[in-house]
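Enquirer: Attaching a predicted model along with its sequence, questions to come.
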Amino acid sequence: MSGPAKSKIELKNAKVYIHLPDEATRSKILHIDIEHPMINKIILPKEATYAAGKNGGVFIGLKKEMIERANKILKNKGMF
């Protein structure tokens with residue numbers, strides 16, 4: 001993992017869970033949940049994207065429309 005960098009924006013208070021199968025939440029398979037309001041504005045519910053493992057973590061690739069939403073959010077927040 002490369003750690004902090006000038007080009008990285010840390011998402012404070014992001015919640016990451018290993019979610020076990022659970023009838024109460026209708027989770028049928030083991031998976032990983034990453035929850036944060038900004039992520040939910042970039043990757044909308046039911047949208048699919050690409051993830052791959054990397055040293056120290058995971059890389060989540062964004063599709064063109066997701067990148068456009070992310071750029072708009074970051075520009076509005078004065079981060080880009």
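Expert: Received, thanks.
Enquirer: For Ile43, give me phi and psi.
Expert: Main-chain torsions, Ile43, degrees, to the nearest 10: phi -110, psi 110.
Enquirer: repeat for Pro4
Expert: Main-chain dihedrals, Pro4, degrees, to the nearest 10: phi -60, psi 150.
Enquirer: OK, contacts around it?
Expert: By C-beta atoms under 8 Å, 6 or more residues apart in numbering, the contact set of Pro4 is Glu10. For glycine as for every other residue, the C-beta is placed from the backbone atoms N, C-alpha and C.
Enquirer: do the same with Pro21
Expert: Per C-beta under 8 Å, 6+ apart, neighbours of Pro21: Ser27, Lys28, Ile29, Leu30.
Enquirer: Next, the buried residues of the biggest helix by length in the chain.
Expert: For the chain, the longest helix by residue count, based on DSSP state H, is helix 64-76. Of all the residues in helix 64-76, those buried under the rule 16 or more other C-beta atoms under 10 Å are Met66, Arg69, Ala70.
Enquirer: ok, back up a step: which one of the contacts of Pro21 sits closest to Glu10?
Expert: Leu30 (26.9 Å; C-beta to C-beta).
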